[in-house]
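K.L.:
Give me a model of this one.
(2 chains)
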Amino acid sequence: MSTSAPARPRVALFVSCLVNVFRPTVAEAAIALLEQAGCEVDVPPGQSCCGQPGYNAGAIAAARPLAQNLIRCFEDYDYVVAPTGSCTGMIVEHYPRLLAQTPGWHERAVALAARTFELTHFLHTVMGFVPAPCKGTASVSYHDSCAGLRELGIRQQPRALLAHAGVQVQEMQGTEICCGFGGAFCAKLPAISTAMADEKLANAVASGATTLAGGDLGCLLHLEGRAAVTGISLEFRHVAEVLADAHVAGHARDTAPDVGAGHARDTAAPVAPPQPSLNVHLGSEPG
Amino acid sequence: MQHTSEHFVQNSRIALADAQLKPVLGAVTTFLPALRQKAIDQTPEFEALRDYAVAMKDHVLDHLETYLADFERAVQARGGAVHHAAGAEDLNRIVLALCAGADVRKVIKGKSMVGEETNLNDALQGAGLEVLETDLGEYIIQQAGEPPSHIIGPALHKSKAQVAELFRQKHDLGERNLDDVPQMVREARQMLRERFLSADAGITGANALVAENGSIMLVTNEGNGDLCSILPRLHIVIAGIEKLVPTVEDASALHRVLCRSATGQITSAYTTFYSGPRRAEEPDGPVAFHVILLDNGRRAMRAGKYRSMLRCIRCGACLNHCPVYRHVGGHAYGWVYPGPMGSVLTPLMTGLERAVELPNACTACGRCEETCPMRIPLPEHLRQLRDDAATAGITPRAWRLGIGAAMTAFRWPWLYRASSGLARSAVAFLGRHPGVLRRVPVLRGWAQGRALPAPQAETFMGRWQRRQHGKSGEHRL
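P.N.:
Below is the predicted model of the structure:
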């Protein structure tokens, strides 16, 4: 999908539950990248879960009010961007279907779906963002998460961004095969789930990479949790963190960087000049 | 066959622990997708063919009874007879009555999933008839006393060595070399040949029932279907009502889609159109020709939200591309139809309460829907079945309550933020105390074979809000 972006689009970041709870640094990295790409980023406080856990686990109707909440929360922005293919897929692919019979809401769902993007897709395709070269050259393999790959067509975008950042992606075998996370699946059928993880991890190790990057934290946490038990030493990082490393000095993984305060930005950011982080603000509060 | 779908979890653990099965499944689910992809790459019009096949099948489903009546008239005009079976037992009863009426003792069979669906072999043997499967894969599993593990390759779960061992046990042929596949095929052919010639009745399935002329299209790679239909004096075709197509042209389109999706072939080795009993001027063919059309839940499916499942042409592509099937194989699913299509059909045909785990055996990866030639939204059907199970109260209580509570709490953003904070603390605690995690309902599944990665120091929304408050404070100064 190619959309002509406003000069300085107002982007709402949809954080997603797993990023919110487990790895806030992914959201920080996403904000940094979006700002470097020339967006005005907002994190609307009215956001909640997209409803996917219920939708996929036998509570379809219960997902509807959550969908309506996100639509209300996000519909005034130029774009909604999320550092996840799975929750983005929920909004883009499933909200219109979920609200097809809800009077007055179907059109709003369709309109939001058209403006909602997964992070790497948005940066690469919509904003034409070219990240600066990476500081440390990690050897990275990329894990395609299924919802991103099949619902949204995310495959080449993160690889293009990584290539621009000077990160050589070492492709593994079987990138199109699921890692076994599958939301509730991983807890309902753990033996199958971990068998699938083992195959994915073996392929990742065989690629020769030391870091496995991906666009969905669910897959990464599942693989990281499995690797910890089976003694596989790989680093698992969200692609936003890897790309943001191209711009920040040091490693922003486990220590929460103060966005905007501690980032030594690469002045060679090609699309838009770096913006002061005060433009990142919560809701409609003044920045 | 025995129905064990309710034990899917235990079945899958047995399969996962089977060291011989793992490499076989890995190979099958790698080479079949590769063959399919190669065939599709050589067929630039494949997507248009899919669209045509889907529209054609949907049209037939819209006018099912009309086409059924057309088909029946056409079969009768050619001297055949059509019978209708509402359920599995009805079909078996009709077959038995036809066999009794023609003084049949020996039956040979071509491969038929409908026959598996109705447990036909058991019914025939129970009535004292001799039944022999003639498809090589079906022959192997019949000798082994096992159910099929794949809808197009019933014995795909067996390694070469296992088949050789089985043949040595079952065929009293003395010392011989059975090291390679051609030797085994020759031996099976030798065992089957005589039985073909002495059979009284042949039973085959159908890949398409052509309404315009009453023909039955059958696709095989071994030619055994043709021997079953031509040599015995009675030919019985058993098929689901959804196999109808309006014209020979439509059957041909379906054939192109089917062969590519199933085995990556441009065409199968044998494709035959059977058109009634032997006519006066013909040298061979059956004296009597009967078609039995099975409902077994299909009309009910047609009337409801799972209607598109009736587009299924039993190609097996969804099995070959399913990551769950890849690890557990067909037997774990516990009934006739495994993999994604089976996880939809089994609950619909045999009852959701007997197969409640099957819709869960899906990561929603979407590869089945992507490869299904008939564009059946399999993940959506599986999602809907999970919803049906929860509505019917069959889903475990802890899951229903847990998901329900979270979905309710998340309606209010402040409560979402508060519960995220609690969840973060809980996850941090549980990650450090896996012994406790293993006792928490719903979450304990994670702890089986996985550590819980530690969360960072604060939720993003919490951190963000605090920072924004700080910022507003600065502004006020």
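K.L.:
switch to C-alpha atoms for all contacts and neighbour counts from now on
P.N.:
Will do.
K.L.:
For chain B, which residues score under the pLDDT cut-off?
P.N.:
Applying pLDDT under 70 to chain B picks out residues B:472-477.
K.L.:
er, chain A I mean
P.N.:
A:1-5, A:136-137, A:246-287.
K.L.:
Kindly report the domain assignment for it.
P.N.:
Here the domain parsing of chain A from automatic domain parsing is A:10-129+A:260-282, A:140-244.
K.L.:
do chain B as well
P.N.:
According to automatic domain parsing, the ranges for chain B are B:43-300, B:410-476.
K.L.:
which ones are touching residue B:313?
P.N.:
Neighbouring residues of residue B:313 by C-alpha atoms under 8 Å, 6 or more residues apart in numbering or on different chains: B:207, B:243, B:258, B:374.
K.L.:
what about the helices in chain A?
P.N.:
For chain A, the helices defined by DSSP state H occupy A:17-21, A:24-36, A:52-56, A:60-74, A:85-89, A:95-98, A:106-115, A:119-121, A:146, A:156-164, A:185-188, A:190-206, A:217-230, A:239-244.
K.L.:
Serialize those to CSV and add fields for mean neighbour count and distance to residue B:71.
P.N.:
Output for those, formatted as CSV (neighbours: other C-alpha atoms under 10 Å in any protein chain shown; distance: least, C-alpha to C-alpha, whole Å):
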stretch, mean neighbour count, distance to residue B:71
helix A:17-21, 24, 55
helix A:24-36, 26, 61
helix A:52-56, 23, 41
helix A:60-74, 21, 41
helix A:85-89, 27, 44
helix A:95-98, 21, 37
helix A:106-115, 19, 42
helix A:119-121, 29, 51
helix A:146, 28, 43
helix A:156-164, 20, 49
helix A:185-188, 22, 44
helix A:190-206, 21, 45
helix A:217-230, 22, 51
helix A:239-244, 26, 57
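K.L.:
Residue A:179 against residue A:203, yeah?
P.N.:
No: using C-alpha atoms under 8 Å, residue A:179 makes no contact with residue A:203, being 10.6 Å away.
K.L.:
what would the domains of chain A look like in TSV with distance to chain B?
P.N.:
Converted to TSV, these look like this (distance: least, C-alpha to the nearest C-alpha, whole Å):
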stretch	distance to chain B
domain A:10-129+A:260-282	4
domain A:140-244	4
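K.L.:
Which of the ones you listed sits closest to residue B:231?
P.N.:
domain A:140-244 (45.5 Å; C-alpha to C-alpha).
K.L.:
First residue to last residue on that closest one, what's the distance there?
P.N.:
14 Å (C-alpha to C-alpha, to the nearest Å).
K.L.:
quick one: that domain to chain centroid distance?
P.N.:
Centre-to-centre, domain A:140-244 and its host chain are 13 Å apart (C-alpha atoms, centre = their mean, to the nearest Å).
K.L.:
Repeat that for stretch B:381-400.
P.N.:
Per C-alpha atoms, centre = their mean, the centroid offset for stretch B:381-400 relative to its chain is 22 Å.
K.L.:
quick revisit: do you know which of the domains of chain B lies nearest residue A:169?
P.N.:
So among those, domain B:410-476 is nearest, using C-alpha to C-alpha, at 24.7 Å.
K.L.:
ok, and what's touching the strand or helix carrying residue B:422?
P.N.:
For residue B:422, the host element (DSSP states H and E) is helix B:413-432. By C-alpha under 8 Å, 6+ apart, the surrounding residues in contact with helix B:413-432 are A:17, A:20-22, A:45-49, B:409-410, B:436-437, B:451-455, B:458-459, B:461-462.
K.L.:
Give the buried residues for that helix.
P.N.:
B:413, B:416-421, B:423-425, B:427-431 (16 or more other C-alpha atoms under 10 Å in any protein chain shown).
K.L.:
ok, then the element right after it?
P.N.:
Next element after helix B:413-432 (DSSP H and E): helix B:434-437.
K.L.:
The helix or strand following that next one near chain A at all?
P.N.:
Sequence-wise, the next helix or strand downstream of helix B:434-437 (DSSP H and E) is helix B:444-447. Yes: counting by C-alpha under 8 Å from any C-alpha of the partner chain, chain A is contacted by helix B:444-447 at B:444-446.
K.L.:
By neighbours, which of these wins?
P.N.:
residue B:446 (27 neighbours; other C-alpha atoms under 10 Å in any protein chain shown).
K.L.:
for the residue lying closest to that one once chain neighbours are set aside, what are its contacts?
P.N.:
Nearest residue to residue B:446 in three dimensions, chain neighbours excluded: residue A:187, at 4.8 Å (C-alpha to C-alpha, 6 or more residues apart in numbering or on different chains). Contact analysis of residue A:187 by C-alpha under 8 Å, 6+ apart lists B:442-446.
K.L.:
Confirm residue B:236 sits in a strand?
P.N.:
Yes: applying DSSP: H, G, I helix; E, B strand; the rest coil, one finds residue B:236 inside a strand.
K.L.:
these two touch, right, it and residue B:200?
P.N.:
No: contact criterion C-alpha under 8 Å: residue B:236 and residue B:200 do not qualify, at 11.2 Å.
K.L.:
Show me which of those two is the more surrounded one.
P.N.:
residue B:236 (25 against 22).
K.L.:
what bridges to that one?
P.N.:
residue B:203, residue B:290 (DSSP bridges).
K.L.:
After the helix or strand that contains residue B:340, heading C-terminal, what element do we hit next?
P.N.:
Using DSSP H and E, residue B:340 maps to helix B:339-350. With elements assigned by DSSP H and E, the helix or strand that comes after helix B:339-350 is helix B:367-371.
K.L.:
now for that next one, which elements pack on it?
P.N.:
helix B:317-321, helix B:378-391 (3 or more C-alpha pairs under 8 Å, 6 or more residues apart in numbering or on different chains; DSSP states H and E).
K.L.:
which other residues reach it?
P.N.:
Under C-alpha under 8 Å, 6+ apart, the answer for helix B:367-371 is A:150, B:261, B:317-319, B:321-322, B:340, B:375-379.
K.L.:
and which of these is nearest to residue B:129?
P.N.:
Nearest to residue B:129 among those: residue B:319, at 33.2 Å, using C-alpha to C-alpha.
K.L.:
residues near the closest residue to the closest one other than its chain neighbours, how many?
P.N.:
Nearest non-adjacent residue to residue B:319, counting by C-alpha to C-alpha, 6+ apart: residue B:339, 4.8 Å away. Counted with other C-alpha under 10 Å, residues neighbouring residue B:339 total 33.
K.L.:
For residue B:339, give its distance to residue B:393.
P.N.:
Distance from residue B:339 to residue B:393, by C-alpha to C-alpha: 24 Å.
K.L.:
if we can go back for a sec, and the contacts of residue A:187, which two are the farthest apart?
P.N.:
Going by C-alpha to C-alpha, the pair spanning the contacts of residue A:187 furthest: B:442 and B:446, at 8.3 Å.
K.L.:
contacting residues for residue B:116?
P.N.:
Contacts of residue B:116 (C-alpha under 8 Å, 6+ apart): B:1, B:336.
K.L.:
Can you point out the helix or strand that includes it?
P.N.:
Per DSSP H and E: helix B:113-117 holds residue B:116.
K.L.:
Please save the CA atoms from that helix in CSV.
P.N.:
What follows is helix B:113-117, C-alpha atoms only, in CSV (Å, rounded to 0.1, in the frame of the first residue of the first chain):
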residue,chain,number,x,y,z
MET,B,113,-12.5,-40.6,2.7
VAL,B,114,-16.3,-41.0,2.8
GLY,B,115,-15.7,-44.7,3.4
GLU,B,116,-13.5,-43.8,6.3
GLU,B,117,-16.1,-41.3,7.5
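K.L.:
what about the nearest residue to residue B:389 once chain neighbours are set aside, which SS state?
P.N.:
Spatial nearest neighbour of residue B:389, chain neighbours left out: residue B:395 (5.6 Å); criterion: C-alpha to C-alpha, 6+ apart. Here residue B:395 is recorded as coil under three-state DSSP.
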